[in-house]
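Enquirer: got a sequence here, can you model it:
(one chain, ligands or ions: 1)
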Amino acid sequence: MDLKSNHTAPVVADSAPISKSRLGVPSSLLPYSSSGAFSPNLFLTVPRKKNGILDDIRASSLDAMKSSSPPHKKTRDFNNDLVAADTDVAYRTWMVKYPSALTSFEQITNFAKGKRIALFLDYDGTLSPIVDNPDSAFMSNDMRAAVKKVAKCFPTAIISGRSRDKVYEFVGLTDLYYAGSHGMDIMGPVTQFSDDHSNCIRSTDKQGKEVNLFQPAGEFLPMIDEVFNLLVNNTKEIQGAKVENNKFCVSVHYRNVDEKNWTTVAQCVNKVIRSYPRLRLTHGRKVLEVRPVINWDKGKAVTFLLESLGLSNCDNVLPIYVGDDRTDEDAFKVLREGNCGYGILVSSVPKESNAFFSLRDPQEVMEFLKSLVIWKKTTSAL
Ligand SMILES: O=P(O)(O)OC[C@H]1O[C@H](O[C@H]2O[C@H](CO)[C@@H](O)[C@H](O)[C@H]2O)[C@H](O)[C@@H](O)[C@@H]1O
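Expert: From the prediction side, this is the model:
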């Protein structure tokens, strides 16, 4: 297939408008819907504008770039009490809509009674704090221990924008499921379901166990490599810019670029992907992400994993997804719209979200994971 032949434009994967009415604790459960998730035609068709300009220039507008990530400094600035107090009030007000998953823990576990919890965890900003150098985004040993324990109690998957190998290297735990490249590279269990599915191939994991690999964007690999090299070359004069190859997508980081040069970063990226109509641009935290125009995201990955694990019946399964970024909104949305699970947004600043609950930072994520383990052990002992 000639991936360049269809003249469609890159688009921003903006989250759909968030419903004004919050559902609260679901009172009834709908059967988990798999409709549309595994459409044989995974390609999104997005018409290119007549003038050939990127369909949505917001893809790289300065405003979008500025709002892509809160400054990673402490919320409380003791040299500026007033600002700190204002920030705190705004955060507390926001938390009325997105209550803390820690203070709402009983509500969550009450709803989980008689159900199996399935846990989905994002990596950067969720399990590891946001740092300037993406290669140094290590998770703490305490966090690793917490993830290990929680994965012994509940089926647990890491769903990251990183390449699967990279995120596995960071987490370093077996007995978890890993999905890299925003869900476009899933290593899951071998099941009848995977046998029936195209894009699935048998493989073995690092321990030699037979696994199933699902790579819906497999044919984009050469193109992504090509674009990675172009982006490295085109941004090499921009001080602080860093391009990361995430296998089925490419990240262009501008966290360490002087703000006055952010537009140059955006222009460089737009210039490259203009020649690749089958690629699109999305925003992460101080990062522009180039990825294939396919109908696949973290939300689809959650649905896929639940199906693969035989956990797609919401009557007895409660999926919980914890994430901090815009790409995690796709997963929150799947859980919200399916009325079948909880999204938990990790954020220290107020943000509109499809999540139900919030946690302030990775430290609170760890507390939440530990609480789940204690709850599981207590209830199993009864
Ligand atoms: O889905 P995730 O696991 O959250 O991955 C999303 C991106 O995370 C990484 O970038 C972010 O974290 C870096 C380290 O803290 C930070 O320096 C950067 O500014 C953030 O955008 C990762 O490097 C990207 O490739 C992922 O797509």
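Enquirer: distance check, Thr126 against the ligand.
Expert: 6 Å (CB to the nearest ligand atom, to the nearest Å). To be clear about C-beta, it is placed using only N, CA and C from the backbone, and glycine gets the same treatment.
Enquirer: burial measure for that residue, as a count.
Expert: 27 (other CB atoms under 10 Å).
Enquirer: can I assume it sits in a helix?
Expert: No: checked against DSSP: H, G, I helix; E, B strand; the rest coil, Thr126 lies outside a helix; its state is coil.
Enquirer: in this structure it contacts Val346, no?
Expert: Yes: between Thr126 and Val346 a contact is recorded at 5.1 Å, counting by CB atoms under 8 Å.
Enquirer: show me what contacts the residue of the chain found nearest the ligand?
Expert: Residue nearest to the ligand within the chain (CB to the nearest ligand atom): Gly161, separated by 2.7 Å. Going by CB atoms under 8 Å, 6 or more residues apart in numbering, Gly161 touches 123-124, 180-182, 246, 249, 251, 284, 289, 325, 327.
Enquirer: go again with 10 Å.
Expert: By CB atoms under 10 Å, 6 or more residues apart in numbering, the residues touching Gly161 are 122-124, 167, 180-184, 244, 246, 249, 251, 282, 284-285, 287, 289, 291, 298, 325, 327-328.
Enquirer: from those, which would you call buried?
Expert: Taking 16 or more other CB atoms under 10 Å as the criterion, what is buried in the contacts of Gly161 is 122-124, 167, 180-184, 244, 246, 249, 251, 282, 284-285, 287, 289, 291, 298, 325, 327-328.
Enquirer: which members of those additionally contact the ligand?
Expert: Filtering these for neighbours of the ligand using CB under 6 Å from any ligand atom leaves 122-124, 244, 246, 251, 284-285, 287, 289, 325, 327.
Enquirer: redo those residues as JSON lines? Include distance to Lys149.
Expert: Shown next, in JSON lines, are these (distance: CB to CB, whole Å):
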{"residue": "Asp122", "distance to Lys149": "19"}
{"residue": "Tyr123", "distance to Lys149": "18"}
{"residue": "Asp124", "distance to Lys149": "21"}
{"residue": "Glu244", "distance to Lys149": "30"}
{"residue": "Asn246", "distance to Lys149": "28"}
{"residue": "Ser251", "distance to Lys149": "30"}
{"residue": "Gly284", "distance to Lys149": "29"}
{"residue": "Arg285", "distance to Lys149": "28"}
{"residue": "Val287", "distance to Lys149": "31"}
{"residue": "Glu289", "distance to Lys149": "32"}
{"residue": "Asp325", "distance to Lys149": "25"}
{"residue": "Thr327", "distance to Lys149": "27"}
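Enquirer: need the max-distance pair from the residues you listed.
Expert: The largest separation in these, counting by CB to CB, is between Asp122 and Glu244 at 16.2 Å.
Enquirer: just give me the neighbour total for Glu169.
Expert: Other residues close to Glu169 by other CB under 10 Å number 10.
Enquirer: list the buried residues in the helix or strand hosting it.
Expert: Assigned by DSSP states H and E, Glu169 belongs to helix 164-171. Across helix 164-171, burial judged by 16+ other CB under 10 Å covers 164, 166-168, 170-171.
Enquirer: could you say what helices and strands that helix packs with?
Expert: Packing contacts for helix 164-171, counted by 3 or more CB pairs under 10 Å, 6 or more residues apart in numbering; DSSP states H and E, involve helix 141-153, strand 156-159, strand 177-180, strand 185-188.
Enquirer: again, only using 7 Å
Expert: Packed against helix 164-171 by the contact rule (3 or more CB pairs under 7 Å, 6 or more residues apart in numbering; DSSP states H and E) you find strand 177-180.
Enquirer: okay, now the domains of the chain?
Expert: Following the TED database, the chain resolves into domains at 116-181+296-381, 220-292.
Enquirer: I'd say Lys115 and Pro319 touch.
Expert: No: the pair Lys115 and Pro319 does not pass the contact test of CB atoms under 7 Å, sitting 9.6 Å apart.
Enquirer: now do stretch 184-192: distance to the chain's middle.
Expert: Put simply, stretch 184-192 sits 18 Å off its chain's centre (CA atoms, centre = their mean, to the nearest Å).
Enquirer: hmm, who's touching that stretch?
Expert: 164, 177-179, 194, 202, 205, 210-217, 247-248, 296, 301, 304-305, 308-309 (CB atoms under 7 Å, 6 or more residues apart in numbering).
Enquirer: can you select the buried ones from the residues you listed in ChimeraX?
Expert: Those of the contacts of stretch 184-192 that count as buried under 16+ other CB under 10 Å are selected in ChimeraX with:
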select :164,177,178,179,194,211,212,213,214,215,216,217,247,248,296,301,304,305,308,309
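Enquirer: quick one: which of the contacts of stretch 184-192 sit in helices?
Expert: Residues of the contacts of stretch 184-192 located in helices (DSSP state H): 164, 194, 301, 304-305, 308.
Enquirer: got a markdown table for the residues you listed, with pLDDT and distance to the ligand too?
Expert: Listed next are the ones in helices among the contacts of stretch 184-192 as a markdown table, based on pLDDT from 0 to 100; distance: CB to the nearest ligand atom, whole Å:
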| residue | pLDDT | distance to the ligand |
| --- | --- | --- |
| Arg164 | 97 | 11 |
| Ser194 | 66 | 23 |
| Ala301 | 97 | 11 |
| Phe304 | 94 | 16 |
| Leu305 | 96 | 15 |
| Ser308 | 92 | 20 |
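Enquirer: farthest-apart pair in those residues, please.
Expert: Farthest pair in the ones in helices among the contacts of stretch 184-192 (CB to CB) is Arg164 and Ser194. Separation: 16.1 Å.
Enquirer: beta partners for the residue lying closest to Gln215 once chain neighbours are set aside?
Expert: Distances taken as CB to CB, 6 or more residues apart in numbering place Asp185 nearest to Gln215, at 5.4 Å, with adjacent residues excluded. Beta-bridge partners for Asp185, by DSSP bridges, are Gly180.
Enquirer: against Val322, how distant is Cys340?
Expert: 16 Å (CB to CB, to the nearest Å).
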